[in-house]
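Enquirer: here is my input; please provide its structure:
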Amino acid sequence: MELELRHLRTIRTIADAGSLTRAATALGLAQPALSAQLRRIERALGGELFERGRHGVRATALGELVLERTRVVLPAVSDLQQEAARFAHARREPERLRLGGTHGPLLGALVDRLADAAPDTAVTTSASWSERELAEQLTEGRLDFALAGTCGSAAPPGAEQLVWREIAVDPVLVMLADGHPLARAREIELAALADQEWACVPGDGCFADCFTAACARAGFSPRRMYETDTASCVHLVRVGRAVGLCRASFPATPGIAIRPVTGTPLVWRHLLGWHAAAQQPDTAATVLDQARSAHAGLVPPAHRVP
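Expert: A predicted model of the protein is given here:
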């Protein structure tokens, strides 16, 4: 494995947090995933970076060496990225917007709105299932705006360098095959789905952990989770292989029933992000307003979180 800047940021976060648990929370990762990532980094650097103990972690001699370098490298790279983004923005044609998004119809709806609001602006899009990757592209000046999201009140990726504004908050709904026994219910208790398998799109935030916790509160552990692309999720639901999880902005789909979960145990915050140094305030305000309008046009009032 080649060492990357994100690995240095991970090491810095662990050292600042003083424990893997707190660092995992700050990074939006599950602790086992962070531990596995740290082991890969340590193998790449040739030794242990932290001593683990009951009260947290402490840097080894090798860890202190690496941390000393991060204090120089990370600020220097951050300054370079910001200067490059400002330079690129100053030279960029003003009639172009580069939008990124995770998945789903909100990105398409925003493009449609911007086509009317800014007819002389060329809009290009780039999709990624990784919110963290989108944040990196904003930081590096490769995107102008990104549609991403977080589970509940979790911090968005790159929050210390980027501006994130809330578009809306959706309940997480379930998708069932039209022939499912619960497909005609007005709403569904999560516990009523305890014997089901599940399908959702992938992500690198805390959604999987939040879903598992919601299931635990309902008295069961999910049997299996298929993390795959949207079209595959729809297929698995339509053929009865799994129950799907989706946002309220998910469009009506033949053969699929979309129903709320009693008590709204899971919510999803739609966010619009940008780099403040690379965007004019009026441009950001226009795109944010159009994103909120796009969401309002997609989500029925009955499926909105107050």
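Enquirer: could you use CA atoms for every contact and neighbour count after this?
Expert: OK.
Enquirer: ok, T121 - contacts?
Expert: 94-97, 115 (CA atoms under 8 Å, 6 or more residues apart in numbering).
Enquirer: among the residues you listed, which ones are buried?
Expert: Neighbour-count burial (16 or more other CA atoms under 10 Å) is assigned, among those, to L97.
Enquirer: can you give me the helices for the stretch 1-150 of the chain?
Expert: Remark: helices assigned in the stretch 1-150 of the chain by DSSP state H, counting those that start in this stretch are 5-17, 20-27, 31-45, 61-91, 105-117, 131-139.
Enquirer: out of these, deepest packed?
Expert: Highest mean neighbour count among these (mean count of other CA atoms under 10 Å): helix 131-139, with a mean of 22.
Enquirer: ok, now which ones touch G203?
Expert: G203 makes contact with 129-131, according to CA under 8 Å, 6+ apart.
Enquirer: if we use 6 Å, what do you get?
Expert: Residues in contact with G203 (CA atoms under 6 Å, 6 or more residues apart in numbering) are 129-130.
Enquirer: CSV for the contacts of T121, including pLDDT and distance to P171?
Expert: Compiled in CSV, the contacts of T121 are given as follows (pLDDT from 0 to 100; distance: CA to CA, whole Å):
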residue, pLDDT, distance to P171
P94, 52, 36
E95, 73, 35
R96, 84, 33
L97, 91, 29
A115, 91, 28
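Enquirer: okay, the helices of the stretch 1-150 of the chain in TSV with distance to P251 next?
Expert: Formatted as TSV, those follow (distance: least, CA to CA, whole Å):
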stretch	distance to P251
helix 5-17	35
helix 20-27	31
helix 31-45	32
helix 61-91	35
helix 105-117	7
helix 131-139	21
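Enquirer: among those, which is nearest T253?
Expert: T253 sits nearest to helix 105-117 of all the helices of the stretch 1-150 of the chain, at 12.4 Å, using CA to CA.
Enquirer: how far off centre is the closest one?
Expert: A distance of 20 Å separates the centroid of the chain from that of helix 105-117, by CA atoms, centre = their mean, to the nearest Å.
Enquirer: got it, and stretch 77-86?
Expert: For stretch 77-86, the distance to the chain centre is 23 Å (CA atoms, centre = their mean).
Enquirer: what does stretch 184-196 give?
Expert: That offset, for stretch 184-196, works out to 26 Å (CA atoms, centre = their mean).
Enquirer: buried ones in it, by neighbour count?
Expert: Neighbour counts over stretch 184-196 (16+ other CA under 10 Å) mark 187-191, 193 as buried.
Enquirer: okay, how far is it across that stretch, tip to tip?
Expert: With CA to CA, to the nearest Å as the measure, stretch 184-196 spans 17 Å from end to end.
Enquirer: closest to G297 among the contacts of T121?
Expert: Proximity of the contacts of T121 to G297 (CA to CA) peaks at A115, which lies at 15.3 Å.
Enquirer: what's the distance between the closest one and P281?
Expert: Taken as CA to CA, the span from A115 to P281 is 20 Å.
Enquirer: same question, R6
Expert: 29 Å.
Enquirer: now do V163
Expert: Applying CA to CA to V163 and P281 gives a distance of 11 Å.
Enquirer: the more surrounded of these two?
Expert: Taking neighbours as other CA atoms under 10 Å, V163 and P281 compare with V163 leading, 18 against 10.
Enquirer: thought L272 was touching the more buried one, still the case?
Expert: No - V163 is not in contact with L272 according to CA atoms under 6 Å; the separation is 8.2 Å.
Enquirer: figure out how far stretch 173-184 is from the centre of its chain.
Expert: On CA atoms, centre = their mean, the centre of stretch 173-184 falls 26 Å from that of its chain.
Enquirer: I am finished for the moment; much appreciated.
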